[in-house]
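S.K.: could you work out the structure for the sequence below:
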Amino acid sequence: MVRKFLIYSIKSANLAAKNLLRKDFDLKGVKKIIVILPQGLGDVLISTPAIRALKKRFKNARVDILAYPWSSFVLNGNPDVGKIIERKGAWFFKILREKYDLAVNFELFMDNLISFFAGAKYRIGYAIEDNDLLLHKAAPYIKDRHVITYALDVVNLIGAKSDARMDIFIPSSAEKKIKQLIKKEKMRKIIAIAPGGGNNPYKKSPGKVWSWKKYVEVIDNMDHDSTFVILGDKNDSEIAGKIIKNVKNLKIYDFTGKMGIFESAALIKNSKLFIGNDSFLMHVASALDTPLISLFGPTNPKRLAPLNKKAIYIKKGENIEDINPSDVLKTVKSLKSR
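M.R.: As a prediction, this is how the structure comes out:
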């Protein structure tokens, strides 16, 4: 009831705001832009093509980011990004002081209130249900449209365009560390395995995780001249431990919870193949153009699967366990023939 009243009130304010909008709003005068990002690590990475498009469109403007503390680091080193404001402490007052010309919201409709009350002169975002409230322009929702394309639809409303390539910038220190590791351990033909995922702080999705026993079967039936590396955070250590304990291949390393994101990215960059569930590391592999096979269960690959030509996704139903090891092994052969 309260939510309905709130939506009704905002709708009324929205109509008033749109009527007050100056039709001659000058985009040439845009100097400060704030981009409001979703919570997940993958969501932040998915937003990078749109951020790049904004910077390309408004070359002399500063593109700032409002992000969550646990995912903002994904944008470290990104030359298209100005300030990164994390949602902690007095973050709203930091936004208020900036007096932004343009606000781009990739979050849900409640975050439109942030740009509205912060006084952003021009506001754009998604048109999902009531999500266009308090926005001057919104990109219409299209079922099964890829999330990267949908974000680009939003910025295209103001003439900002880009390709769908995601950006992740690996520090030279991480690159150097991984090169030394590869040399020391004499790793060759590296295959990266990401058997975990679904562990965002705001949402747990165990249904996205394929059985460790099936990963064991896949590894045991692949090229034993390869070096296998298992990647993920500390939440993935249990499943990684079971894989390590049961595989026949001796050239396998468990780095779950032992490597930072950028070190893992550097290792993926040096891999000949990535196999994993729908997760942040899947998006990292896509951003680095590493050949990859992604496994989908309850989530929609039409919206989330990697777009690069070296990527193939597998989905056989809403239950990820419907995928068999033989499906993955066949896909490995198919990917090699590309």
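
S.K.: mean confidence score for stretch 235-253?
M.R.: Averaging pLDDT along stretch 235-253 gives 93.

S.K.: for stretch 153-172, same thing?
M.R.: For stretch 153-172, the per-residue pLDDT averages 97.

S.K.: so which bits of it are buried?
M.R.: Applying a neighbour-count criterion of 16 or more other Cβ atoms under 10 Å, one finds 153, 154, 155, 156, 158, 160, 162, 164, 166, 167, 168, 170 buried in stretch 153-172. Quick note: C-beta positions are derived from backbone N, CA and C, even for glycine.

S.K.: could you do stretch 237-248 as well?
M.R.: Within stretch 237-248, the residues scored as buried using 16+ other Cβ under 10 Å are 237, 239, 240, 242, 243, 244, 247.

S.K.: residues near the closest residue to residue 235 other than its chain neighbours, how many?
M.R.: What sits nearest to residue 235 in space, not counting adjacent residues and going by Cβ to Cβ, 6 or more residues apart in numbering, is residue 199, at 4.4 Å. Per other Cβ atoms under 10 Å, the neighbour tally for residue 199 reads 19.

S.K.: also residue 191?
M.R.: 22.

S.K.: circling back to that earlier point, partners of the residue nearest to residue 235 in the sheet?
M.R.: Listed by DSSP bridges, the beta-bridge partners for residue 199 are residue 204.

S.K.: use 529 as the first number from now on
M.R.: Sure, I'll start numbering at 529, so the last one becomes residue 727.

S.K.: now do the contacts for it.
M.R.: 733, 761, 763, 764 (Cβ atoms under 8 Å, 6 or more residues apart in numbering).

S.K.: max pairwise distance over the buried residues of stretch 681-700: which two?
M.R.: Pairwise distances across those (Cβ to Cβ) peak at 30.8 Å, for the pair 686 and 698.

S.K.: shaky segments in the chain?
M.R.: Within the chain, the stretches with pLDDT under 70 are 529-553, 658-659, 728-732.

S.K.: could you rerun that using 50?
M.R.: Along the chain, the parts satisfying pLDDT under 50 run over 533, 547-551.

S.K.: now do the helices in it.
M.R.: With helices called from DSSP state H, the chain shows them at 530-548, 569-574, 576-585, 619-626, 640-645, 675-684, 700-712, 740-748, 765-774, 789-797, 808-815, 829-832, 853-864.

S.K.: pull out the buried positions in stretch 777-790.
M.R.: Neighbour counts over stretch 777-790 (16+ other Cβ under 10 Å) mark 777, 779, 780, 781, 782, 783, 784, 787, 789, 790 as buried.

S.K.: wait, the second one sits on residue 752?
M.R.: Pointing back at residue 779 there. Yes - with contacts counted by Cβ atoms under 8 Å, residue 779 reaches residue 752, the gap being 7.4 Å.

S.K.: now for the closest residue to residue 681 other than its chain neighbours: which residues touch it?
M.R.: Leaving aside its sequence neighbours, residue 681 sits nearest to residue 667 (Cβ to Cβ, 6+ apart; 3.9 Å). Counting by Cβ under 8 Å, 6+ apart, residue 667 touches 652, 653, 654, 655, 678, 681, 682, 684, 685.

S.K.: could you dump these into a markdown table and include distance to residue 861?
M.R.: Shown next, in a markdown table, are the contacts of residue 667 (distance: Cβ to Cβ, whole Å):
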| residue | distance to residue 861 |
| --- | --- |
| 652 | 45 |
| 653 | 43 |
| 654 | 39 |
| 655 | 43 |
| 678 | 33 |
| 681 | 36 |
| 682 | 39 |
| 684 | 39 |
| 685 | 43 |
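
S.K.: looking at those residues, spot the one nearest residue 846.
M.R.: residue 678 (22.1 Å).

S.K.: specify the beta-bridge partners of the nearest residue to the closest one once chain neighbours are set aside.
M.R.: Nearest residue to residue 678, sequence neighbours excluded (Cβ to Cβ, 6+ apart): residue 667, at 6.6 Å. Counting by DSSP bridges, residue 667 forms beta bridges with residue 654.

S.K.: now residue 667: how far from residue 685?
M.R.: Taking Cβ to Cβ, to the nearest Å as the measure, residue 667 falls 6 Å from residue 685.

S.K.: what do those two both touch?
M.R.: Common contact partners of residue 667 and residue 685 (Cβ under 8 Å, 6+ apart): residue 652.

S.K.: so how far is residue 676 from the residue nearest in space to the middle of the chain?
M.R.: Note on the chain: the residue nearest the mean C-alpha position is residue 570, at 2.1 Å, using Cα atoms, centre = their mean. Using Cβ to Cβ, one gets 11 Å for the distance from residue 570 to residue 676.
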